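> this is a predicted model, with the sequence first.
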Amino acid sequence: MIQSRQLAAIMFTDIVGYTALMGNNEQKAFELLRKNRDIQKPIIEEFGGQWIKELGDGVMASFPTVSDAVYAAIKIQQACLVSNDFLLRIGIHQGEVVFENGDIFGDAVNIASRLQALAPPAGIFVSESVHRNISNKNDIRSEFIRVENLRNVKDPVPIYNIHSAREGKTQAVGGKPLLKSILPDFDCDIYISYRFNDNKYDGWVTEFVDKLTQELSATHKDKLSIYFDKNPEEDRKPFYAQIKSLIFIPIISQTYCDTGSLVWNEEFKGFQNGTKTDQFGPNIKLSAGNTASRIIPVKIHDIDPDDIKLLETELSGSMRSVDFIYREDGVNRPLHPADDEKFATPLRPLYRNQVNKLANIVKDIISGIKLQEKGGIEERVAHQPTARQIVPQVFSTSVSPAIKVQVIDRQRPNIYLAWTSGDLKESREEMAIILNKAGFNVLPSIDCPADDDTFKIKVAEEIKKCVCSLHMLSGEFGRRFESDDDISFPNYQFTEAKKRISEPGSNFNIFVWLDPDNSKTVKPAQQNFIKYIRNNITRNMMFSNSQGPMQLVDDIRVVMMKQDTKVYDSKDTDIFFIFNQQDEADAQHIIDAISLEFPVETMNILPEGEDSYREMSSQQIPKSKLAVVYFKYAADWALPFIKQIWKQVGGASSPTPMFLVGEDDPRTNLARNFKAPRVISIIMPKETIPDQVKKVYSEVV
């Protein structure tokens, strides 16, 4: 008996779904074993590995080095994808093992086997020892997944995923990508264009593609394909002659806008030229009536003004980008997922949110492409900027038929959301979303132009369409005009908006919001600008330092919709029970129990009509003895809703007490509460809620 101990990388592989296949088609199962052996054995030997044995449909092999094992695993997975006969799971761990009579024993064997069992189809799971040994390999990237307690292993094992195998699906074979577009005339749905050095340092682009793929799978019903060539640009195929995509995403870095590079000439300009001749053109009309470019820039650095001008010249208009930039004084680097663990501020957006934002933009463009393919989108009538308007709301409610509701059918008002200094760009985008949900059309819908003259033209065009403007200010003065260093872009927009108020018969409104972050230094020029605004407040102007955008938008909405009238013929009741449609089934059980003893009016809120519900609630609550806002899964709705309703019915002077009650399952609800005068807030088990409502009612009435 010959024994030897040594450090080795152990690899286990396993055919996905083999057991079921064996039960259904034994002959085919044995054929797959032969193909599996033909694929794996030569690759294992190519990388200096030792074929130890077959374990049913699996293979155990050892390698002298970790990198040999990982490269072999990647090549095996790529070969399986090309053959398209079966998928493998692979697990790799490095540790001390015992070689005895051609077999291997030890904890390392056990760990590798457990990792293989946890790996996804076509995936490679490795341990932390493997991850550390390949961290300096530019062509391999491992991503932390989780810490796992493995059976018969004493200590928890951190698990990492090797991404190269999955990326192998998108690598070109015979000049074409192994992908399929949702449309037959295209090779893929999304093409990722980037400079190789932007991925070489820390694998940012590789990680971004992986995160975007995951996000798209969660936001889009279609399985969208992404082409991403990980080779240096000089080794990539000429772009448009080979690969035709629906959407083009350039990763805009400090080096991307290089007119001498192959990436710029073959990929960026190649896509542009291609859109001039294909069936869709460079811009897509969206279902909402707006248009969007098929090029979606993703910025990972703040770039030079000359680069911005170059991009806008090529795009024939202002650029609208999704920014993945870590914002901090003196720092200009890409935003990473790990940065989300730090305290988020308006200057430091969440990576997760930016990926979601990009996925939603892709979704809108794909939907527009589908509509265009079916025959186009109906033209919409332009909005009249001088009208007091509100979105037509469609809603369902279980309020008694005695409560009559008249909803005025009007269009959405346009609000000019001024371009901000660079540090507030993400805050502006967040504000645009909130304004849109509150019933406004937000203009402009593009990034701020870099050229002074283009900027002035756009400001004049967009303000003319609007009934009000919102100016967000921080401690930064903002970009200055080349011809006049004393005037900034935010300064100019405020001045132009102020001219609208001075027009005869004007009903234009201006709202100014000063960022409530008092920790930031205010530059001298900005101090003078803010002082000028404060000293020149006129009619139809409001200067706000609200602590959050929700509060500000609510104030804007109250001012702008003050002429809208709705008629509510509400009636007296004991308990007014409000809940979100998301929690309808659970709420009904509670309502049934309460209504056995007290008259109860209920309101079931649907997402499409929250504005109408708020106004209806503000009429019904004063005629009720107790207002109950209940939530289980809809905590993100319940808290903003009760805060706004509480203010609308008088806050601390409200004639009706309010009871915010949530279930303790899910556990995240335990942190959800709202403390204010005339408000009781409790999180508790579902079965105790009816009795608690009765108790609160008896105490406050």
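Arrived safely, thanks for sending.

> helix or strand for residue 59, just tell me which one.
strand 58-63 (DSSP states H and E).

> export that strand to PDB, keeping only CA atoms.
The C-alpha trace of strand 58-63 is given here as PDB (Å, rounded to 0.1, in the frame of the first residue of the first chain):
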ATOM      1  CA  GLY A  58     -19.500  12.400 -12.500                       C
ATOM      2  CA  VAL A  59     -15.700  12.700 -12.800                       C
ATOM      3  CA  MET A  60     -13.000  13.300 -10.100                       C
ATOM      4  CA  ALA A  61      -9.700  14.700 -11.200                       C
ATOM      5  CA  SER A  62      -6.700  16.300  -9.500                       C
ATOM      6  CA  PHE A  63      -4.400  19.100 -10.600                       C
END
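
> quick one: mean pLDDT for it?
Average pLDDT, strand 58-63: 91.

> other SSEs contacting it?
strand 3-15, helix 26-46, strand 50-55, helix 66-83, helix 107-118 (3 or more Cβ pairs under 8 Å, 6 or more residues apart in numbering; DSSP states H and E). Heads up, the C-betas are built off the backbone N, CA and C, glycines and all.

> tell me which residues in that strand are buried?
Across strand 58-63, burial judged by 16 or more other Cβ atoms under 10 Å covers 58, 59, 60, 61, 62, 63.

> can you pull out the strands in the stretch 551-700 of the chain?
Ranges of strands in the stretch 551-700 of the chain, per DSSP state E, counting those that start in this stretch, are 573-580, 600-605, 624-631, 658-663, 679-684.

> check which residues of the first one are buried.
Read that as strand 573-580. Buried, per 16+ other Cβ under 10 Å, within strand 573-580: 573, 574, 575, 576, 577, 578, 579, 580.

> ok, the residues you listed vs residue 350, which is closest?
residue 580 (24.5 Å; Cβ to Cβ).

> relative to residue 640, how far out is the closest one?
11 Å (Cβ to Cβ, to the nearest Å).

> same question, residue 162
In terms of Cβ to Cβ, residue 162 sits 42 Å off from residue 640.

> tell me which of the two has more neighbours.
Using other Cβ atoms under 10 Å as the criterion, residue 162 and residue 640 rank with residue 162 on top: 25 against 15.

> who's in contact with the closest residue to that one other than its chain neighbours?
Nearest residue to residue 162 in three dimensions, chain neighbours excluded: residue 124, at 4.0 Å (Cβ to Cβ, 6 or more residues apart in numbering). Counting by Cβ atoms under 8 Å, 6 or more residues apart in numbering, residue 124 touches 70, 73, 74, 77, 90, 91, 92, 161, 162, 165.

> please redo it, this time with the cut-off set to 7 Å
By Cβ atoms under 7 Å, 6 or more residues apart in numbering, the contact set of residue 124 is 73, 77, 90, 92, 162, 165.

> now stretch 628-637: buried residues?
628, 629, 630, 631, 632, 633, 634, 635, 637.

> please apply the same query to stretch 222-229.
224, 225, 226, 227, 228, 229.

> and for stretch 454-474?
455-456, 458-459, 462-463, 465-474.

> which residues are in contact with it?
Contacts of stretch 454-474 (Cβ under 7 Å, 6+ apart): 318, 385-386, 413-418, 420-421, 423-424, 427-428, 431, 443-444, 448-449, 489-490, 492-494, 496-497, 500, 508-515, 520, 530, 556, 560.

> circling back: what about the buried residues of stretch 454-474, which are in helices?
455, 456, 458, 459, 462, 463 (DSSP state H).

> the fifth one and residue 360, how far apart?
As defined by Cβ to Cβ, residue 462 lies at a distance of 23 Å from residue 360.
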